[in-house]
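A.B. asks: Next come a sequence and a model predicted from it.
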Amino acid sequence: MTKQDLVNAIATEAGVTKKAAGDMLASLLKNVTKSLKKGETVTITGFGTFRVSARRARVGVNPRNPGQKIKIPAMKLPAFKAGKSLKDAVR
């Protein structure tokens, strides 16, 4: 399912225009992103939890030159944990 498919489904189920559905989806994504940037956790009951995960710095191998070691810096990554309702629906 693409973003446009999702917009169409929201518009149909909510009985709103595709423009309004697109604006709703854009607002949801913007607010989730803004909260994650602040380091906050976003929980949507019945769906799942978005959070920021930290990855430690480590030493890796350069794929172009396997004999060369490279330093991979520490970074923050978005993570998602599915809620029970979503897990049960997929199973």
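C.D. replies: Received, thanks.

A.B. asks: helix, strand or coil for the residue of the chain positioned farthest from its centre?
C.D. replies: In the chain, counting by CA atoms, centre = their mean, Gly67 sits farthest out from the average C-alpha position, at 35.1 Å. Secondary structure assignment for Gly67 (DSSP: H, G, I helix; E, B strand; the rest coil): coil.

A.B. asks: just the strands in the chain please.
C.D. replies: In the chain, the strands defined using DSSP state E lie at 42-44, 48-55, 58-61, 69-72, 75-82.

A.B. asks: Could you export those strands as a markdown table, including distance to Leu28, mean neighbour count and mean pLDDT?
C.D. replies: No exception for glycine: its C-beta is placed from N, CA and C like everyone else's. Formatted as a markdown table, the strands of the chain follow (distance: least, CB to CB, whole Å; neighbours: other CB atoms under 10 Å; pLDDT from 0 to 100):
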| stretch | distance to Leu28 | mean neighbour count | mean pLDDT |
| --- | --- | --- | --- |
| strand 42-44 | 9 | 14 | 96 |
| strand 48-55 | 11 | 14 | 96 |
| strand 58-61 | 34 | 10 | 95 |
| strand 69-72 | 32 | 10 | 94 |
| strand 75-82 | 14 | 12 | 96 |
